[in-house]
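S.K.: Here is a sequence with its predicted model. Questions after.
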Amino acid sequence: MLNGKRVIAVIPARGGSKSVPGKNIRPLAGKPLIAWSIEVAQQVSEIDRIIVSTDDAQIASIGRLHGAEVYPRPPHLATDEALVIDALKDLLQTLETEGDAPEWVILLEPTCPLRTANDVRDCLKLIAQGGYDSVATFKDAELNPHRAWRLTDGVPEVFIEAAIPWLPRQKLPKAYQLNGAVYVFRASLLANEAKSLLVGKLGAVLMPRDRSQDIDDQIDFTIVESFIKDSNV
């Protein structure tokens, strides 16, 4: 619980990955990818329930094996075009029907295995101390938007008007991007949102680049496994 209010962690894990078949349960350094997120949630005492939302029987089985609850995700919310926010809304409606609607939801994408329990706790501390409605983790932007370009009929032009892309990095305005590792938000505010998980008063927690790896393809698996081996994670 957080300030006496119920907290659930949700790990969304559909079965239809195209880039790496079976990605969410593929072994990473000796254990299924999804297990990394479950184990982090288990280390955070404020979390009352850990729920895997999935449409896949094998993911469900592995999720239970590692200590999570499993709620089935309707097939129409597990397509390539489906948004995680819609699956979350469906799950929260189910929990409300069951009489266990949480105040806070922590979203832990299984593709961000290098987050730590302290990253989650830092988000919860910010919620508790700052009166925020949602907090997410960020990292330094991989490409500063002042160095981005667009092509209009094949003609390059700076993406931000009047930007000077060749300025030294130290002179560019600081830029950040979501790293997808942790989202915390007030459940009651999600119902009216169309796409965003960042609701109400927003807060940010900065994570280092090395723990902000997001696994999308086979190359990412190789990079993260190498990092884990070298750093003894």
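M.R.: Alright, I've got the coordinates.
S.K.: Poorly predicted segments of this structure, please.
M.R.: Applying pLDDT under 70 to the chain flags the ranges 233.
S.K.: how about the helices in it?
M.R.: Applying DSSP state H to the chain gives helices spanning 33-42, 57-65, 84-97, 117-130, 218-231.
S.K.: So which other helices or strands are in contact with the longest strand along the chain?
M.R.: Identified as the longest strand of the chain according to DSSP state E is strand 176-186. Secondary-structure packing of strand 176-186 (3 or more Cβ pairs under 8 Å, 6 or more residues apart in numbering; DSSP states H and E): strand 104-107, helix 117-130, strand 134-140, strand 202-206. In short, each C-beta sits where N, CA and C put it, glycine included.
S.K.: so what strands line up beside it?
M.R.: Sheet pairing of strand 176-186 (DSSP bridges) gives strand 104-107 (antiparallel), strand 134-140 (antiparallel).
S.K.: Just name the most buried of these.
M.R.: Scoring these by mean neighbour count under mean count of other Cβ atoms under 10 Å gives strand 104-107 as the most buried, with a mean of 24.
S.K.: How far away from the center of its chain is that strand?
M.R.: 10 Å (Cα atoms, centre = their mean, to the nearest Å).
S.K.: for stretch 13-33, same thing?
M.R.: Relative to its parent chain, stretch 13-33 has a centroid offset of 15 Å by Cα atoms, centre = their mean.
S.K.: Other residues contacting it?
M.R.: 34, 36, 52-56, 58-59, 62-63, 66, 73, 78-80, 82, 110-111, 113, 215-218, 221, 224-225, 228-229, 233 (Cβ atoms under 8 Å, 6 or more residues apart in numbering).
S.K.: PyMOL command for the buried members of those?
M.R.: A single PyMOL command selects the buried members of the contacts of stretch 13-33 (16 or more other Cβ atoms under 10 Å):
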select buried, resi 34+36+52+53+54+55+56+59+62+63+66+73+78+82+110+111+113+215+221+224+225+228
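S.K.: show me the contacts for the residue lying closest to Ser196 once chain neighbours are set aside.
M.R.: Of all residues not flanking Ser196 in the chain, Ile85 sits nearest, at 7.4 Å (Cβ to Cβ, 6 or more residues apart in numbering). Neighbouring residues of Ile85 by Cβ under 8 Å, 6+ apart: 190, 193-197.
S.K.: What subset of those residues is buried?
M.R.: 190, 193, 197.
S.K.: could you dump the strands paired with strand 176-186 to a markdown table with distance to Pro12?
M.R.: A markdown table is the format used below for these (distance: least, Cβ to Cβ, whole Å):
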| stretch | distance to Pro12 |
| --- | --- |
| strand 104-107 | 7 |
| strand 134-140 | 15 |
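S.K.: What is the end-to-end distance of stretch 28-38?
M.R.: Using Cα to Cα, to the nearest Å, one end of stretch 28-38 lies 14 Å from the other.
S.K.: Could you give me the buried positions within it?
M.R.: Applying 16+ other Cβ under 10 Å to stretch 28-38 flags 28, 32-38 as buried.
S.K.: before we move on, what about stretch 71-90?
M.R.: Those would be 71, 73, 77-78, 82, 84-85, 87-90, for stretch 71-90 by 16+ other Cβ under 10 Å.
S.K.: I'd like those as TSV, with distance to Val135 appended.
M.R.: TSV is the format used below for the buried residues of stretch 71-90 (distance: Cβ to Cβ, whole Å):
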residue	distance to Val135
Tyr71	24
Arg73	25
Leu77	25
Ala78	27
Ala82	24
Val84	17
Ile85	16
Ala87	20
Leu88	16
Lys89	19
Asp90	23
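S.K.: ok, so of the residues you listed, who is nearest Met207?
M.R.: Ranked by distance to Met207 (Cβ to Cβ), these are led by Val84 at 19.4 Å.
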